[in-house]
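**Q** The sequence and its predicted three-dimensional model are supplied below.
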Amino acid sequence: MQIPYIERCTAFEKPPMKLSENNKKSLLVSIHQLIEENASHTVNDLEHKRTNRLINYPSNGGLTESEKSELEKLEINPTLKSALRKVFASNTADVFFSVLNIIDGTADPTVEFGEWEEVMLVDFDEENEMDSMLHDDFYGTYWDWKEKRPNPGWKLDLLDE
């Protein structure tokens, strides 16, 4: 299978090969699978009081003892389990949908770190090999976001400000 990747495009460059229908469908269906699997794993961790497995974002994030205590009080019955899976899956799908809108060029990033140039998802081509990978940079850029974000009165990380 060819691996799709994101490439920056400018008006002066030859447009790269587009994302094939097969790769597009494989990617989107895989996203749906991951959303469902992750929602289910999270609810199972809540049900079995495995609060240490619930947080991996941001990199130094976690739950305080009082937060763990409150989550462990949840009585997970089949109806609540079903509802939580739906809430978690919907939230994750909303994030993916927003990211895909940015990639498609139908939305712009709301936080800018310089001039934004549109990107596109294309099939892998050895001529256009990537120097860095998005997933490698993802968790580390939380700190860039934290510097830009307005203070909502709560935080995801455990750092004292």
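**A** Looks like it arrived, so ask away.
**Q** which residues of the chain fall in strands?
**A** 5-8, 119-122 (DSSP state E).
**Q** looking at those strands, which has the lowest confidence?
**A** Least confident of the strands of the chain, judged by mean pLDDT, is strand 5-8 with a mean of 52.
**Q** so where is this structure shaky, pLDDT-wise?
**A** 1-17, 128-130, 161 (pLDDT under 70).
**Q** for the closest residue to Thr42 other than its chain neighbours, what are its contacts?
**A** Nearest non-adjacent residue to Thr42, counting by CB to CB, 6 or more residues apart in numbering: Phe88, 5.4 Å away. No exception for glycine: its C-beta is placed from N, CA and C like everyone else's. Counting by CB atoms under 8 Å, 6 or more residues apart in numbering, Phe88 touches Asn38, Ala39, Thr42, Val43.
**Q** Please report the distance of Phe88 from Thr64.
**A** The spacing between Phe88 and Thr64, counted by CB to CB, to the nearest Å, is 21 Å.
**Q** likewise His32?
**A** 33 Å.
**Q** quick one, which of the two is more surrounded?
**A** Remark: of His32 and Thr64, His32 carries more neighbours, 12 against 9, as counted by other CB atoms under 10 Å.
**Q** and for stretch 31-39, what are the contacting residues?
**A** Residues outside stretch 31-39 that contact it (CB under 8 Å, 6+ apart): Leu84, Arg85, Lys86, Phe88, Ala89, Thr92, Ala93, Phe96.
**Q** what about 7 Å?
**A** Here stretch 31-39 makes contact (CB atoms under 7 Å, 6 or more residues apart in numbering) with Arg85, Phe88, Ala89, Thr92, Ala93, Phe96.
**Q** Of all the residues in that stretch, which ones are buried?
**A** Ile31, Ile35, Ala39 (16 or more other CB atoms under 10 Å).
**Q** Check the spacing between Arg53 and Thr42 real quick.
**A** Taking CB to CB, one finds Arg53 at 9 Å from Thr42.
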